[in-house]
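Trainee: pasting a predicted model and its sequence here:
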Amino acid sequence: MAMGRCISRMVESKWMEERLATRPGECRRECGMRIDDAIVFATMAHEGQKRKGSETPYIFHVLEAGVIATQMHASEDVVCAALLHDVMEDSGKTVEDVRRAFGDRVAELVAAESESKSLSWMERKRRTIEDLAGTPDEDVRRVALCDKLSNIRAMDRDYKEIGNRLWERFKEKNPARHAEYYRGLVGSLATLKDEPAYREFARLVWEVFGQVDKYTALLLFLEQSTMKRVRMSYSQLESVLDDKLPKSAYGRREWWHNDISAMTRHPQCKAWLAAGYFVESVELGEAVTFERIELSGG
């Protein structure tokens, strides 16, 4: 509450604008004030915002990103960019706002971390992976790593607490797509492999997504049902799995043998038992029926 009142007074008094106007960029650099200014700028930009699915103020995420950058012994430009990485994407600030306050380099790094909302969720994430893999600028990767490590830490904590309900808080609710994205980031950020932050990121991605595949979405679908039996047509399965299934009876027989049947015998079958379902029958031309089973207390 005290922080909120302090921010409100800053906004009402235009404190930040006056501070930036009286401390030109080079003066702030020489005085070591830019990181302080970036913290205040980000706090004001993200005022009232919360982390998805929680009451945690969003500013704690960007502050954590800044701490990660500092622990990486990154340059002041990178630390400022880590603190400001979401101000363009989530608070309406422009690249010119950031450039005026913090200079060309910080603005360039923040712009590189900002996604285009005109694209679909998966298109944005795939473009991020491609851009990070292709950039010659290691500082762009450093800023991204600060953001993504903070995100995966939060996901790891929350997944251990609430399990698959975690995915309900995101716009993209298919965990297999999140897995594809984060596994792709592990590859595109691999030039930072000597950084402890990168090694922590790669480890957490494996811990959170190691057992996630496209069938996790089917598990979530079944968990939401209260019916004794769930009969799903192949078109329903394609929609839930976000994948195309074979059209021919022979192809579907092979798919059943290699995928669906194998799932119930997989070492991770405990996930299916947790959902309380097993595959009861398969109609090769029509549908798959799942039956809920009663689980013993032990």
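Mentor: Nice, thanks for sending it over.

Trainee: remind me which residues of the stretch 151-298 of the chain are low pLDDT?
Mentor: Where the stretch 151-298 of the chain drops to pLDDT under 70, the residues are 211, 213-214, 256-285, 292-298.

Trainee: now do the strands in it.
Mentor: When secondary structure is read from DSSP state E, counting those that start in this stretch, the stretch 151-298 of the chain shows strands at 229-233, 277-283, 287-292.

Trainee: now residue 150: closest residue in space that isn't a chain neighbour?
Mentor: Once flanking residues are discounted, residue 150 sits nearest to residue 64: 4.4 Å by Cβ to Cβ, 6 or more residues apart in numbering. C-beta: built from backbone N, CA, C; applies to glycine.

Trainee: just the element for the one you found, please.
Mentor: In the assignment (DSSP states H and E), residue 64 maps to helix 59-71.

Trainee: which other residues reach that helix?
Mentor: Applying Cβ atoms under 8 Å, 6 or more residues apart in numbering, the external contacts of helix 59-71 come out as 35, 38-39, 42-43, 46, 49, 51, 78-79, 81-86, 142-143, 145-147, 149-151, 153-154, 196-197.

Trainee: now, the residues you listed that are in helices?
Mentor: 35, 38-39, 42-43, 78-79, 81-83, 142-143, 145-147, 149-151, 153-154, 196-197 (DSSP state H).

Trainee: please pick the buried ones from those.
Mentor: Buried members of these, counted by 16 or more other Cβ atoms under 10 Å: 35, 38-39, 42-43, 78-79, 81-83, 142-143, 145-147, 149-151, 153-154, 197.

Trainee: circling back: got the angle for the helix holding residue 64 vs helix 34-45?
Mentor: Orientation check (axes from the mean of the first three to the mean of the last three Cα atoms, to 10 degrees): helix 59-71 against helix 34-45 gives 160 degrees.

Trainee: OK, contacts around the closest residue to residue 68 other than its chain neighbours?
Mentor: Closest residue to residue 68 apart from its sequence neighbours, by Cβ to Cβ, 6+ apart: residue 146 at 4.3 Å. Going by Cβ under 8 Å, 6+ apart, residue 146 touches 65-66, 68-69, 72, 78, 82, 85, 197.

Trainee: for residue 198, see how far away residue 146 is.
Mentor: From residue 146 across to residue 198, the span is 11 Å (Cβ to Cβ, to the nearest Å).

Trainee: re the thing from before, for the residue nearest to residue 150, give me the pLDDT.
Mentor: As summarised for this prediction, residue 64 has a pLDDT of 96.

Trainee: number the residues from 54 up from this point.
Mentor: Understood, numbering begins at 54; the last thing we discussed is residue 117.

Trainee: distance of it relative to residue 253?
Mentor: Distance, residue 117 to residue 253, using Cβ to Cβ: 13 Å.

Trainee: the more surrounded of the two?
Mentor: More crowded of residue 117 and residue 253, by other Cβ atoms under 10 Å: residue 117, with 19 against 15.

Trainee: export the contacts of residue 199 to CSV and tack on distance to residue 235?
Mentor: Output for the contacts of residue 199, formatted as CSV (distance: Cβ to Cβ, whole Å):
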residue, distance to residue 235
118, 16
119, 21
121, 16
122, 20
125, 19
131, 22
135, 19
138, 17
250, 15
